[in-house]
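**Student:** Need coordinates for the below:
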Amino acid sequence: MKRRLLWTLAILAALGLAVFLILEGVVLFHARDDLRGQSGAMVILGAQLKADGPSLFLQRRLEKALDYLADHPDTLVVVSGGQGPDEPDTEANGMEQFLREKGFAGTVLKEDRSHNTKENLKNSKAVLAQAGYDVQDGVILVSNDFHLARAKLLAGRFGYRAETLAAPSDHWGFKLYNFLREPVGLVKSALLDW
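**Tutor:** Residues are numbered from 1 along each chain as shown. Got it, this is the predicted structure:
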C-alpha cells in the first residue's frame, strides 16, 4: 500500500512538472517581438508607478514603445493602468507624462481604471472603440517579455488581432522570479479571466 502511494505521488509529481515545463515553454516562446505588419494602434500595459515616476518594468515598456513610435509616430497609443493603493497617481497619467517628456507628440488615449491585465485589455478595447478604432484591425501590445503569453491569450479572448513588443527585464532575480511565476498566471487567466 505504501509503495503504491509513493508511485502515485511520483507519477503526479512528474505530470505536474511536465505541465509546468510545457507552460514555461509557451511563456518563453511568446517572450519576443512579434510584428507581422503595421498596426494602427498600440496598447502599453501598465505596471507600478512610483513617486519618482515609472518603475523599472514600466519604464522598459515605455522605452520599447518609444523605439517603435519613433518610426511610426501616427500610431494611436493607449496607456492602460489605474491607480493602486501604493501609487501616487494612475499608471496611465504617469505613462503619458513619461512619453511626453521623451518627446512623443502623437495621440495618447488614457485608460485609467484597470488593475490587472484582463481589465487593461477589456477597458482599452472600449477606449479604442470610442476613438473609432476596431481592435480586429490590429493592435500592438507592449509589455515585459515574461508577460506577453498571458497578454496575448487574453487579447485573443477579447477579440484583438494582437502583435507584440517585448520590453526587456533587466534585473536577473526579478526576471527569473517572473518567468517561473508566469505559468501559474497563464493557467489562472485561462480559467478565470473572462
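
**Student:** Could you list the low-pLDDT ranges of this protein?
**Tutor:** Within the chain, not a single segment meets pLDDT under 70.

**Student:** Can you give me every residue that contacts the residue most central in space within the chain?
**Tutor:** By CA atoms, centre = their mean, the mean C-alpha position of the chain lies nearest to S143, the distance being 4.1 Å. Shown in contact with S143 (CB atoms under 8 Å, 6 or more residues apart in numbering): 44-45, 61, 151, 164, 166-167. For the C-beta atoms, the positions are set from N, CA and C on the backbone; glycine is no exception.

**Student:** Doesn't it lie inside a helix?
**Tutor:** No. Counting by DSSP: H, G, I helix; E, B strand; the rest coil, S143 is not part of a helix but strand.

**Student:** Now do it against A131, distance only.
**Tutor:** Distance check for S143 against A131: by CB to CB, to the nearest Å, it reads 21 Å.

**Student:** what do you get for I22?
**Tutor:** Counting by CB to CB, the gap from I22 to A131 is 38 Å.

**Student:** CA atoms only for stretch 29-45 - export them in CSV, please.
**Tutor:** Provided in CSV are the C-alpha atoms of stretch 29-45 (Å, rounded to 0.1, in the frame of the first residue of the first chain):
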residue,chain,number,x,y,z
PHE,A,29,8.1,31.3,-26.9
HIS,A,30,6.0,34.5,-26.6
ALA,A,31,8.7,36.5,-24.8
ARG,A,32,9.7,38.3,-28.0
ASP,A,33,8.7,40.8,-30.5
ASP,A,34,6.1,39.5,-32.9
LEU,A,35,5.3,42.2,-35.5
ARG,A,36,3.7,41.0,-38.7
GLY,A,37,2.6,44.2,-40.3
GLN,A,38,1.9,47.7,-39.4
SER,A,39,-0.9,48.1,-36.8
GLY,A,40,-2.6,51.4,-36.4
ALA,A,41,-2.9,51.2,-32.6
MET,A,42,-0.7,50.3,-29.6
VAL,A,43,-1.7,49.4,-26.0
ILE,A,44,1.0,49.8,-23.4
LEU,A,45,0.1,47.7,-20.4
